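S.K.: predicted model, plus sequence, below.
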Amino acid sequence: MENRMNRNQLIKQNQQKLKLIFLALLVIAAGICFLRQFRAYQSAQQLLEQELQRQHAVSKHLASARILGEREQQLAAKLSILTQLIPDEAEEEQLLLGLQQGLQLAGMRFMQLSFAERISRDGFIEIPLQMVFYGNNEQFKSFLEYLQSYERALRIDEMYFTADGEKRTGYFNLRASVFAIL
């Protein structure tokens, strides 16, 4: 009987050992599964961070593209205005008529206009000119206001005044340039 008891105890001990081994294997298997899931989570986290960084970079590029698009529209509008101010041809006759009209509106007398040799620039022609006209300071100011609203690009390079002896009256000499597109 004792033998039987020992045997039963041995069987119970073996069963307990098997249960412990089985439990240990279950814990190890669960640990391995958990570790794999954790690594998959970390990998997904890294992918998410990379995608967020890409999205941020794309957003920056998109914002830059929008700004460039707006800038392009602004520049196109300016180009349109400048193209209207700079004709395709020199049109010296039209320029002369426009300047005469401005001088008449200002009450000044047109004395002389001479054109210098044309200068080719990048995409346009510069036409230097020299004008002499007679009047007073107020009339000259009125003429400058006319030029400001004139529908042609005109750059004043130099201006000087020679008094005639009368109060605030004399000769205005202007060196300027007009432009035409090549």
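M.R.: Yep, it's here.

S.K.: which parts of stretch 110-120 are buried?
M.R.: For stretch 110-120, burial by neighbour count (16 or more other Cβ atoms under 10 Å) applies to Phe110, Leu113. Backbone N, C-alpha and C define where each C-beta goes, glycine included.

S.K.: what is the rounded mean pLDDT of that stretch?
M.R.: For stretch 110-120, the mean per-residue pLDDT is 85.

S.K.: now what about it, what contacts it?
M.R.: Outside stretch 110-120, the residues within contact range by Cβ atoms under 8 Å, 6 or more residues apart in numbering are 90, 92, 96, 99-100, 103, 125-134, 171, 182.

S.K.: give me the subset of those residues lying in strands.
M.R.: Ile125, Glu126, Ile127, Pro128, Leu129, Gln130, Met131, Val132, Phe133, Tyr134, Tyr171 (DSSP state E).

S.K.: what pLDDT does Leu68 get?
M.R.: The model's pLDDT for Leu68 equals 91.

S.K.: for Arg4, same thing?
M.R.: Looking at Arg4, its pLDDT stands at 71.

S.K.: which SSE is it in?
M.R.: Using DSSP states H and E, Arg4 falls within helix 2-85.

S.K.: so Glu117, which of the three states?
M.R.: Under DSSP: H, G, I helix; E, B strand; the rest coil, Glu117 falls in the coil class.

S.K.: what's the domain layout of this structure?
M.R.: The record assigns the chain these domain ranges, following automatic domain parsing: 1-85, 92-181.

S.K.: pick the most deeply packed of those domains.
M.R.: domain 92-181 (a mean of 14; mean count of other Cβ atoms under 10 Å).

S.K.: that one: how far from the chain's middle?
M.R.: The chain centre lies 35 Å from the centre of domain 92-181; the measure is Cα atoms, centre = their mean, to the nearest Å.

S.K.: again, but for stretch 23-37
M.R.: Distance of stretch 23-37 from its chain centroid, counting by Cα atoms, centre = their mean, is 58 Å.

S.K.: now do stretch 67-80
M.R.: The chain centre lies 8 Å from the centre of stretch 67-80; the measure is Cα atoms, centre = their mean.

S.K.: can I get that stretch in CSV? Just the C-alpha atoms.
M.R.: C-alpha atoms of stretch 67-80 as CSV (Å, rounded to 0.1, in the frame of the first residue of the first chain):
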residue,chain,number,x,y,z
ILE,A,67,2.6,81.2,-52.6
LEU,A,68,4.5,80.8,-55.9
GLY,A,69,1.2,80.6,-57.7
GLU,A,70,0.0,83.8,-56.1
ARG,A,71,3.3,85.5,-56.8
GLU,A,72,3.1,84.3,-60.5
GLN,A,73,-0.3,85.9,-60.8
GLN,A,74,1.0,89.1,-59.3
LEU,A,75,3.9,89.1,-61.6
ALA,A,76,1.7,88.4,-64.6
ALA,A,77,-0.5,91.3,-63.7
LYS,A,78,2.6,93.6,-63.4
LEU,A,79,3.9,92.2,-66.7
SER,A,80,0.6,93.1,-68.3
